[in-house]
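Colleague: Take this sequence and fold it.
(one chain, ligands or ions: 1)
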Amino acid sequence: MQFFGVPFTVFGDDSLLYLNTITGKRAYIVTDKNITKLGLVDLVTAELKQANIECKIFDEVEPDPSIETVIKSAKIASDFKPDWVIGLGGGSSMDAAKSTLVCYAAGIAPLDMSPSDFYNLRAKAKLICIPTTSGTGSEATWAIVLTDTAGERKVPLGSYETLPDVAILDPRMVMSMPPQITGDTGMDALCHAIEGYTATWRTKFTDGPGLLAIRIIFDSLKKAYDNGKDEEARKDMMYAASMAGTSFGNGMAGLAHSTGHAIGGIFHMPHGRAVGLYLPYTMEYLAFGSDEARERFAEIARFCKLAEGDDKKCSKALIDAVRKLAKSVGQPLAVKDTNIKREDYVKAMPGLIDRAVNEAMTIAVTRIPESADMEKMFICAYDGKSCDF
Ligand SMILES: [Fe+2]
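Modeller: Model (predicted):
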């Protein structure tokens, strides 16, 4: 038995109007201060007021939300007793909203949630996610990533019940995204789609959205980065990010996420930039030692019209195209191009390897690295050398 879950998805111009059609008494909005400042919270509450829904706003979510923030948010939610929880923002706010719902409705601590438990969350509240970035795809998945601040560790969490009931993709919400965040989050979406398409947990249901998302991202990310006012490119990236979320969320991500989470937990690099940085290196590693990965990469390259010919040539063309796109949207191509000093990176190596080897995403790739290979990958990614081993 397998599953494929997607939220009811409202997309396109004026999608926020959907909010004035819902029924309920109280909506608890989980977001961050910047979204409040940009006036995007007001757009949401204006529609909810039309539906006679009382709103309470929690806008204290920080990048890489901590367990403590979720506990604080859940306590306020428990007093307010919402029948809707709304995650408004990037992945951090949406993940904090999902976690808030679990803690509030099930009465448990964030780290106690498990995919194998049933909490009957909908008896208390339903979940809406409204992304303001185009990358994490959190609006389309049940996945949650919180940060264990004391342990400098990103903790993947979630339950089948944390798949949102509704995802609202309104282009107004992403039009003010600055180029750096457009680039960072866009690379995250590309990782989700490529890793979802090549994961061993992929299914025929995840293949379609994953493959199409990759082609759209190659066509639209640079346009959205170069000109944030390009509405078509913004819409395409918003839709592609959600499709990519559907792909990996119903399958699995891969080694770029294992390594990216490791460096993000220790050196606090933004998620999309971190996973995007490691993506070509981990793809090289997979393509070098896995016929299956090479075949899948080649399929992507042909579908995106990047190359024709044998699998080796086509998979290389895809990896080259990933690097070219990353460079064109302001991404570092090697860790040495960031502010991380080599001595600090080497010092952190045991921790990086331990986190990456034990990350959940590492088990669903077609070539599972041992610690020694993981170390080589981390070193290659620092120096900008190919993972041809
Ligand atoms: Fe991601």
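
Colleague: Tell me how far the most centrally placed residue in the chain lies from Ala256.
Modeller: Nearest to the mean C-alpha position of the chain, by Cα atoms, centre = their mean, lies Thr136 at 2.4 Å. Using Cβ to Cβ, to the nearest Å, Thr136 is found at 14 Å from Ala256. (Glycine included, C-beta is placed from N, CA and C.)

Colleague: cool, Met243 as well?
Modeller: Counting by Cβ to Cβ - Met243 and Ala256 are separated by 18 Å.

Colleague: Please apply the same query to Leu279.
Modeller: From Leu279 over to Ala256 the distance is 4 Å, taken as Cβ to Cβ.

Colleague: try Pro7
Modeller: Look at Pro7 and Ala256: by Cβ to Cβ, they are 25 Å apart.

Colleague: ok, the two, which is more surrounded?
Modeller: Between Pro7 and Ala256, counted using other Cβ atoms under 10 Å, Ala256 has the larger neighbour count: 29 against 21.

Colleague: What residues sit buried inside the host helix or strand of Lys72?
Modeller: Using DSSP states H and E, Lys72 falls within helix 67-80. Neighbour-count burial for helix 67-80, counted by 16 or more other Cβ atoms under 10 Å, picks out Ile67, Thr69, Val70, Ser73, Ala74, Ile76, Ala77, Ser78.

Colleague: Also stretch 81-101?
Modeller: 82-101.

Colleague: Mean confidence (pLDDT) on that stretch, please.
Modeller: Stretch 81-101 carries an average pLDDT of 97.

Colleague: And stretch 23-40, by the same measure?
Modeller: 97.

Colleague: Phe267 contacts Leu352, doesn't it?
Modeller: No. Counting by Cβ atoms under 8 Å, Phe267 does not reach Leu352; the two are 9.2 Å apart.

Colleague: Between the two, which is the more surrounded one?
Modeller: Shown here are Phe267 and Leu352; by other Cβ under 10 Å, Leu352 has more neighbours (22 against 17).

Colleague: In space, what's closest to that one - neighbours in sequence excluded?
Modeller: Leaving aside its chain neighbours, Leu352 sits nearest to Ala262 (4.6 Å; criterion: Cβ to Cβ, 6 or more residues apart in numbering).

Colleague: Output the contacting helices and strands for the helix or strand harbouring Ala356.
Modeller: Using DSSP H and E, Ala356 falls within helix 342-358. Using 3 or more Cβ pairs under 8 Å, 6 or more residues apart in numbering; DSSP states H and E as the contact test, the elements touching helix 342-358 are helix 255-267, helix 371-383.
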